[in-house]
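**Student:** this one's structure only:
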DNA sequence: GGCCAGGACACCA
DNA sequence: TGGTGTCATGGC
């Protein structure tokens, strides 16, 4: 059984439990990009405070950010932590995209390969931020590999070691899914990562033991 | 008071 | 390449 087919099965099982989750929690594509920067190594609760501050001052789009001052941005995003570097990253990314393309939508129209190269070259956009922007802001078929994904795959045994995880993180595309399914798959992985206990792969009282049972019988070997 | 949270980058060996 | 330090707030 291949790695991809394992993920297919996991998706089906998770879908039975969670259904459509309608992620990412943002109103616009620009907001996704801003949130993706703000959430770097930061709990979403703190990010929400920063986003709320930005919204109150109508600074929740790339154009407004690019026209704002560093001090102003820094003040508003303070609750999300790492505010100095995040303010710089938001300014660099917004300014470049707006000045060179006019909008995120116009950048998207250049195609996925172009966007991957372009965004990766921006300071402050690493692999996970890139994945999130491609999938949730640009509607491109990208499997998001973040801390939740690694943690979950390690727990269920789809990945077996930190070493394997590091290799896995470097795999650019592993799935031939459509965009809505990829969005929901990552959302479900986040949800189950938050809900489950820390046992490997699952403890007996785990709320997802039906998945555990199925997983042990059908997927593991 | 310590630990962790939806990372990325610079620096060093 | 791989390991480590740094950036910082807020919740538990």
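**Tutor:** Cool, the structure landed. As the structure is a computational prediction, the values presented were derived from the model and not from experiment. Residues are numbered from 1 along each chain as shown, chains lettered A, B, ... in the order given.
**Student:** Any residue of the helix or strand harbouring residue A:184 touching DNA strand B?
**Tutor:** Using DSSP states H and E, residue A:184 sits in helix A:179-195. Yes. Shown here: helix A:179-195 in contact with DNA strand B (C-beta under 7 Å from any atom of the strand) through A:190, A:194. Bear in mind the C-beta positions are built from the backbone N, C-alpha and C, glycine included.
**Student:** what comes up buried for that helix?
**Tutor:** For helix A:179-195, a neighbour-count test (16 or more other C-beta atoms under 10 Å) marks A:182, A:183, A:184, A:185, A:186, A:187, A:188, A:189, A:190, A:191, A:192, A:193 as buried.
**Student:** Quick one: list the elements packing against the helix or strand residue A:5 falls within.
**Tutor:** Per DSSP H and E, residue A:5 falls inside helix A:3-18. Counting contacts by 3 or more C-beta pairs under 8 Å, 6 or more residues apart in numbering; DSSP states H and E, helix A:3-18 is packed against helix A:179-195, helix A:209-214.
**Student:** Residues contacting the longest one, please?
**Tutor:** To tie it back to what came earlier, the one meant is helix A:179-195. A:7, A:11, A:14-15, A:17-18, A:20-24, A:135-136, A:139-144, A:146, A:148-149, A:151-152, A:175, A:177, A:207-208 (C-beta atoms under 8 Å, 6 or more residues apart in numbering).
**Student:** one more time with 7 Å, if that's ok
**Tutor:** The contact list for helix A:179-195, computed with C-beta atoms under 7 Å, 6 or more residues apart in numbering, reads A:11, A:14-15, A:18, A:20-21, A:23, A:135-136, A:139, A:141-144, A:148-149, A:151-152, A:175, A:207-208.
**Student:** picking that back up, rank the helices and strands packed on helix A:3-18 by mean pLDDT and give me the bottom one.
**Tutor:** Least confidently modelled of those is helix A:209-214, at a mean of 54 by mean pLDDT.
**Student:** ok, the helix holding residue A:5 near DNA strand B or not?
**Tutor:** No. If you take C-beta under 7 Å from any atom of the strand as the test, helix A:3-18 misses DNA strand B, and the best it gets is 14.1 Å.
**Student:** May I see the buried residues of that helix?
**Tutor:** For helix A:3-18, by 16+ other C-beta under 10 Å, it's A:6, A:7, A:8, A:10, A:11, A:13, A:14.
**Student:** And those, which is the shakiest by pLDDT?
**Tutor:** Lowest pLDDT of the buried residues of helix A:3-18: residue A:6, 78.
**Student:** Test my guess that it contacts residue A:158.
**Tutor:** Yes. If you go by C-beta atoms under 7 Å, residue A:6 and residue A:158 touch, sitting 5.7 Å apart.
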